[in-house]
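J.: Sequence and predicted structure, then a few things I'm wondering about:
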There are 2 protein chains.
Amino acid sequence: MSSSGRSALILIADGTEEMEFTITYDTLVRAGISCTSAFVAAPAEPTLSYGGSTAPPFAKGSRGINILPDMYFSPVDCTPEMYDALIIPGGAKGAETMSGSSPVQHLVREFLEQGKVVGMICAGSLAAKTSGLEKQPLTSHPSVKSSLDQHFDYSEESVVVSGKLVTSRGPGTTFPFALTLVEMLCGKEKREGVRGPMVFPEGTPW
Amino acid sequence: MSSSGRSALILIADGTEEMEFTITYDTLVRAGISCTSAFVAAPAEPTLSYGGSTAPPFAKGSRGINILPDMYFSPVDCTPEMYDALIIPGGAKGAETMSGSSPVQHLVREFLEQGKVVGMICAGSLAAKTSGLEKQPLTSHPSVKSSLDQHFDYSEESVVVSGKLVTSRGPGTTFPFALTLVEMLCGKEKREGVRGPMVFPEGTPW
């Protein structure tokens, strides 16, 4: 893959939906977007230090796949100046950790204030509410709709683009979510170039 | 998720396509199928021992996601008696390692001889050839078609079921591939029960 010069920060935590994380990360890498995954620790978890350096633990996925994050999430290493996009995947427990983190909430606001792309999928959309984003079109997994539909113009569309905020519904919508992010970051031609070799079945509606 | 009493062995190696691995594993777990991932080392890689125990290394995915396998692949721990299905994902380098492994080739034959399900996707279908399976309907990623179409009744269908052998094409066909495996192992009702909460877009052809 050739580098696009673009970069994305993708959050991960214990309980992250591993399909949503993996499809997004992999699809963006196929577009030449440099991806970095950052582990957000649950409030009760201490950050472990080994001889002065801090190595992230595995993120235990919602269905038991253990993924090694690229680094720990920290407000110093995760800034809108360093990345073109911020992605918050779903998985109930992982999304609870991310959306409940005040540094993550701060980062969501900073990315959007600086005109950078923010993607949220599934229960990850809860971070739109906890970050205090203004009322705008948004979607999420149906299981968290009742927490969001009073605060946003709630939609049942698979992918909802509201300015630089992109929201989506679940594992089954992660491909069109990721391809939408590719299009916003790298253009329509790159989206088509990435889509082809993935060999979607005929009639796939994205 | 409730247990189905069914189990699947999913191979992984350096260079495995992480979407194909993750979508299959996660979807099967959602169906209550107990999944175990086994790391197949490339021929040049030594098996590392620490104090008598052997822990598998990370599998370095084809797009840079590092996944911790559940165990090392070994002919002793990976038998058709222990699992209802064997899955071989793609990713050029990972599939080369798996399809070139004579213990893996032996296992593919044993699973099929015992009437167990074998799934291969993308370049993983190369294992059908290296295992010496008889001529039958099969598909793969288009990039390895020319290695396979002399030996099999090559198809461009997204998912091809030939007895207990299920083959498929790439990341974009992994959801229907995994749902087909769920149906074969647990029935049509379970397939629909797993499919719903994934929230596929309207018009998705699987």
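T.: Now that the structure is in, tell me what you want to look at.
J.: Please make it C-alpha for all contacts and neighbour counts, starting now.
T.: Noted.
J.: Does anything pack onto the lowest-mean-pLDDT helix or strand in chain A? Which helices or strands?
T.: Least confident helix or strand, chain A: strand A:71-72 with a mean of 94, by mean pLDDT, DSSP states H and E. Other helices and strands packing on strand A:71-72, by 3 or more C-alpha pairs under 8 Å, 6 or more residues apart in numbering or on different chains; DSSP states H and E, are strand A:34-39.
J.: Within range of chain B, give me the residues from chain A.
T.: A:18-19, A:22-23, A:25-26, A:29-30, A:63-69, A:141, A:157-158, A:169-173, A:197-205 (C-alpha under 8 Å from any C-alpha of the partner chain).
J.: Just the buried residues of those residues.
T.: A:18-19, A:22-23, A:25-26, A:29-30, A:63-69, A:141, A:157-158, A:169-173, A:197-201 (16 or more other C-alpha atoms under 10 Å in any protein chain shown).
J.: So which of those sit within strands?
T.: Judged by DSSP state E, these include A:66-68 as members of strands.
J.: Switch those residues over to a markdown table; also include distance to residue A:93.
T.: Shown next, in a markdown table, are these (distance: C-alpha to C-alpha, whole Å):
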| residue | distance to residue A:93 |
| --- | --- |
| A:66 | 15 |
| A:67 | 15 |
| A:68 | 17 |
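J.: residues contacting the closest residue to residue A:130 other than its chain neighbours?
T.: Closest residue in space to residue A:130, ignoring its immediate chain neighbours: residue A:99 at 6.1 Å, by C-alpha to C-alpha, 6 or more residues apart in numbering or on different chains. By C-alpha atoms under 8 Å, 6 or more residues apart in numbering or on different chains, the residues touching residue A:99 are A:105, A:124, A:126-128, A:130-131.
J.: before we move on, the earlier item: tabulate the ones in strands among the buried ones among the residues of chain A next to chain B in JSON lines, adding columns for pLDDT and distance to residue A:113.
T.: Shown next, in JSON lines, are these (pLDDT from 0 to 100; distance: C-alpha to C-alpha, whole Å):
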{"residue": "A:66", "pLDDT": "97", "distance to residue A:113": "34"}
{"residue": "A:67", "pLDDT": "98", "distance to residue A:113": "31"}
{"residue": "A:68", "pLDDT": "96", "distance to residue A:113": "30"}
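J.: of the residues you listed, closest to chain B?
T.: Closest approach to chain B among these (C-alpha to the nearest C-alpha): residue A:67, at 4.6 Å.
J.: Tell me how far the residue nearest to residue A:130 lies from residue A:138.
T.: 16 Å (C-alpha to C-alpha, to the nearest Å).
J.: cool, and residue A:13?
T.: 23 Å.
J.: Can you list the buried residues in stretch A:24-43?
T.: So for stretch A:24-43, counting by 16+ other C-alpha under 10 Å, buried means A:24-42.
J.: what's the span of it, first residue to last?
T.: 25 Å.
J.: now that stretch, how far from the chain's geometric center?
T.: 8 Å (C-alpha atoms, centre = their mean, to the nearest Å).
J.: again with stretch A:23-36
T.: The answer for stretch A:23-36 is 11 Å, by C-alpha atoms, centre = their mean.
J.: No further queries at this time; thank you.
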